[in-house]
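Peer 1: just to be clear, the model below is a prediction. Sequence and coordinates:
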Amino acid sequence: MKIIPIDGEGWQEGRGYRKRRLLSAGELRQAGALLQVVVVPPGSHIPPHRHGTSVEVYVVTRGVCELIVNGQAHEIRPGDVLLMEPGDVHELTNHGTEVFELLVFKTNVGLADTKWEI
């Protein structure tokens, strides 16, 4: 067993978010897989992007956020679980006053898999 604190070290800054890898492909014993936590601060926006090969499963743990997928808007909140397919163009905006946090489990991750639309 391994206990991984979400608020540990090793955060990386992204476009409108910060992320921390919690489990690697080696730890999951599955090539191309990983688990990360993503935090979107209040007022922040992750621009539209897509992934060429990876499948993403989102588990919302804190806050409320607007998610736009392929042009359709959704409000997501704690307890929601979502599946992003390769090629889905998606963006997130935190319109609230609270941090938005989600766990992202990725499979089939390849090099340079993320394509920013802008």
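Peer 2: Yep, that arrived.
Peer 1: alpha carbons only for contacts and neighbour counts from here, please
Peer 2: OK.
Peer 1: geometric centre of the protein: which residue is closest?
Peer 2: Within the chain, one residue has its C-alpha closest to the average C-alpha position: by CA atoms, centre = their mean, that is Val104, at 4.7 Å.
Peer 1: who are the packing partners of the helix or strand where that residue lies?
Peer 2: Secondary structure assignment for Val104, by DSSP states H and E: strand 100-107. Packing contacts for strand 100-107, counted by 3 or more CA pairs under 8 Å, 6 or more residues apart in numbering; DSSP states H and E, involve strand 34-40, strand 55-62.
Peer 1: buried residues in the following helix or strand past that strand?
Peer 2: Following strand 100-107 in sequence order, the next helix or strand is strand 114-116 (DSSP H and E). Within strand 114-116, the residues that qualify as buried are Thr114, counting by 16 or more other CA atoms under 10 Å.
Peer 1: show me what strand 114-116 is in contact with.
Peer 2: Residues lying outside strand 114-116 but in contact with it, judged by CA atoms under 8 Å, 6 or more residues apart in numbering, are 47-52.
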